[in-house]
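In: model this:
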Amino acid sequence: MSEDNQTGLIRISDDVVSTIAGLAALETAGIAGMSGGISEGLAKRLSGKNVQRGVSVEVGQVEAAIDLRVIVNYGSRIQDVCRDLQENVREAVENMTGLNVVEVNVKVEGVAFREDEALDDPNRVK
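Out: All right, here's what the predicted structure looks like:
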């Protein structure tokens, strides 16, 4: 995003929007973490850029589109968690940047189990 006002030009980097979206996602109940794909890891190695894990953004002059890849906690209702996630990310990005978020796409790439549940399972092979 760039904005020209009377005192100068304001630009908001894609990385800034990615960071805001990633932090808002991690604060959402039911989200265990972000998922970085194979292509993201390859892009990071090739470009040397610090890519926000599990977040892709397209930022225009006044609008932004955000794609998230997440891992959800086991036992959570995925639909409800993803709906809350979309609302939290949209609100955070719009409030902090002034951009209009046109879409927040969520891809659930995994389910996380709590460590203590796995250790307490009597049927677990030890």
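In: Please report the distance of Ile31 from Lys107.
Out: 13 Å (Cβ to Cβ, to the nearest Å). (C-beta placed from N, C-alpha, C; glycine too.)
In: quick one: Ser35 from Lys107, how far?
Out: Remark: distance between Ser35 and Lys107 (Cβ to Cβ) = 8 Å.
In: State the pLDDT value of the most centrally placed residue in the chain.
Out: Of all residues in the chain, the one closest to the mean position by Cα atoms, centre = their mean is Gly22, 3.8 Å from it. Gly22 carries a pLDDT score of 93 in this model.
In: moving C-terminal of the helix-or-strand element of the chain with minimal mean pLDDT, what's the next helix or strand?
Out: Sorting the helices and strands of the chain by mean pLDDT, DSSP states H and E puts helix 38-47 at the bottom, at a mean of 48. Next in sequence after helix 38-47, counting helices and strands by DSSP states H and E, comes strand 55-59.
In: starting at the chain centroid, how far to that following strand?
Out: Strand 55-59 sits 9 Å away from the centroid of its parent chain (Cα atoms, centre = their mean, to the nearest Å).
In: That strand - contacts with which helices or strands?
Out: helix 14-26, strand 63-73 (3 or more Cβ pairs under 8 Å, 6 or more residues apart in numbering; DSSP states H and E).
In: Neighbours of Ser18, how many?
Out: 21 (other Cβ atoms under 10 Å).
In: now Val59
Out: By other Cβ under 10 Å, 22 other residues sit near Val59.
In: Indicate which one of the helices and strands packed on strand 55-59 is closest to Met96.
Out: Among the helices and strands packed on strand 55-59, helix 14-26 comes nearest to Met96, with 5.4 Å by Cβ to Cβ.
In: Kindly list the longest strand within the chain.
Out: Scanning the chain for the strand with the most residues, using DSSP state E, yields strand 100-112.
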